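Undergrad: task: produce atomic coordinates for the following.
(2 chains)
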Amino acid sequence: QVQLVESGGGVVQPGRFLRLSCAASGFTFSSYAMHWVRQAPGKGLEWVAVISYDGSNKYYADSVKGRFTISRDNSKKTLYLEMSSLRGEDTAVYYCAREDYGEHHFDYWGQGTLVTVSS
Amino acid sequence: QSALTQPASVSGSPGQSITISCTGTSSDVGVYNYVSWYQQHPGKAPKLMIYDVSNRPSGVSNRFSGCKSGNTASLTISGLQPEDEGDYYCSSYTSSSTRVFGTGTKVTVL
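TA: Numbers count the residues shown, from 1 in each chain, chains lettered A, B, ... in the order given. Presented below is the predicted three-dimensional model:
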């Protein structure tokens, strides 16, 4: 069965760096685009970034552009999100989500990892 | 990249029908038939309920239906049941190849 498992969350000081991972299993990872979506405590969903199946195309939300980098290692079936210059408003549960080739919706989601930016 | 606009809350009694609207712009909802809807229960990951405006994934009840007119998409839940209570979010593909979510709607079953 399809599984997406996020890791790497925790408490980090403002201005610091953190890297999230999303381990995929149960499907051909290299055939799917992958997204990061976040949700601040008590707030709605916010799309963060997408990477194409082969890593050749990446797009970001304006709120994270220039600070966050999405990447993937298809040999390891793992998605990454490198977050730098972290701010309090980046505090959220971060979900990874799968998007089938040629589609435009998220058909499977991980359970999320909490990132807390605080001094 | 402004969020799509949804009503903050919608409620209905068991068995009734409710509709949640999702208003975007001519750069997202209005130009693409790539609107999807997600259900989220407290502490859980979102679940895909509708994709490409009106298509239901396998396993999703046919009580859930979607449509679109102009810049506004809608999700209708028919025969409302207690387990339908939760938060609902729309999402759209955009002309910048990004995605955007709606502001979210809390559904309450009275």
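Undergrad: which bits of chain A sit near chain B?
TA: Along chain A, the residues adjacent to chain B under the rule CB under 8 Å from any CB of the partner chain are A:35, A:37, A:44-47, A:50, A:57, A:59-63, A:95, A:103-107, A:109-112. For every residue, glycine as well, the C-beta is placed using N, CA and C.
Undergrad: hmm, 6 Å instead?
TA: Counting by CB under 6 Å from any CB of the partner chain, chain A comes close to chain B at A:44-45, A:47, A:59, A:62, A:104-105, A:107, A:109, A:111.
Undergrad: just the buried residues from these, in ChimeraX please.
TA: Buried residues among these (16 or more other CB atoms under 10 Å in any protein chain shown), as a ChimeraX selection:
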select /A:44,45,47,59,104,105,107,109
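Undergrad: any idea which of the residues of chain A next to chain B is closest to residue B:100?
TA: residue A:47 (6.2 Å; CB to CB).
Undergrad: what segments of chain A are helices?
TA: In chain A, no helices are defined using DSSP state H.
Undergrad: need the residues of chain A next to chain B in a markdown table with distance to residue B:7 and pLDDT, can you?
TA: Putting the residues of chain A next to chain B into a markdown table (distance: CB to CB, whole Å; pLDDT from 0 to 100) gives the following:
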| residue | distance to residue B:7 | pLDDT |
| --- | --- | --- |
| A:44 | 13 | 97 |
| A:45 | 16 | 98 |
| A:47 | 20 | 98 |
| A:59 | 29 | 98 |
| A:62 | 25 | 96 |
| A:104 | 24 | 95 |
| A:105 | 22 | 96 |
| A:107 | 26 | 95 |
| A:109 | 24 | 98 |
| A:111 | 28 | 97 |
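Undergrad: in strands only, show me the residues of chain A next to chain B.
TA: A:45, A:47, A:59, A:109 (DSSP state E).
Undergrad: contact partners for the second one?
TA: The one in question is residue A:47. Going by CB atoms under 6 Å, 6 or more residues apart in numbering or on different chains, residue A:47 touches A:37, A:61, B:99, B:101.
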